[in-house]
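Undergrad: 3D model of this:
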Amino acid sequence: MPHPSLLLAAAEATSRDSGPGWILRTVIIVGVVGAVLLAWFLLRGYGNQD
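TA: Below you'll find the model as predicted:
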């Protein structure tokens, strides 16, 4: 069995580079906020025009 400090070093190295997780999360949040703003902008013209 490898030494525990080697396992901790390997775990730290892999946790530092988490991959595209934060980029994907940012893209999803910006997309949802953009869709809500676009829907609001398009639907505000359908109010009462009296």
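Undergrad: ok, and what's touching the helix or strand harbouring residue 28?
TA: Residue 28 belongs to helix 21-43 when assigned by DSSP states H and E. Outside helix 21-43, not one residue touches it by CB atoms under 8 Å, 6 or more residues apart in numbering. C-beta coordinates here come from the backbone N, C-alpha and C atoms, glycine included.
Undergrad: pull the CA atoms of it into CSV?
TA: Extracted in CSV, the C-alpha atoms of helix 21-43 (Å, rounded to 0.1, in the frame of the first residue of the first chain):
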residue,chain,number,x,y,z
GLY,A,21,-17.3,22.4,-13.6
TRP,A,22,-17.2,26.1,-12.8
ILE,A,23,-17.3,27.1,-16.5
LEU,A,24,-20.3,25.0,-17.2
ARG,A,25,-22.0,26.3,-14.0
THR,A,26,-21.4,29.9,-15.2
VAL,A,27,-22.7,29.2,-18.7
ILE,A,28,-25.9,27.7,-17.3
ILE,A,29,-26.5,30.5,-14.9
VAL,A,30,-25.9,33.2,-17.5
GLY,A,31,-28.1,31.3,-20.0
VAL,A,32,-31.0,31.1,-17.5
VAL,A,33,-30.7,34.8,-16.5
GLY,A,34,-30.5,35.7,-20.2
ALA,A,35,-33.6,33.7,-21.1
VAL,A,36,-35.5,35.3,-18.3
LEU,A,37,-34.5,38.8,-19.4
LEU,A,38,-35.3,38.0,-23.0
ALA,A,39,-38.7,36.6,-22.1
TRP,A,40,-39.4,39.7,-20.0
PHE,A,41,-38.4,42.0,-22.8
LEU,A,42,-40.5,40.2,-25.4
LEU,A,43,-43.5,39.8,-23.2
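Undergrad: Tell me how many other residues crowd residue 26.
TA: Burial of residue 26 is recorded as 11 neighbouring residues (other CB atoms under 10 Å).
Undergrad: For residue 39, see how far away it is.
TA: 20 Å (CB to CB, to the nearest Å).
Undergrad: what number of residues lie near residue 31?
TA: Residues near residue 31, counting by other CB under 10 Å, number 10.
Undergrad: Quick check: it vs residue 25, distance?
TA: Note on residue 31: its distance to residue 25, by CB to CB, is 11 Å.
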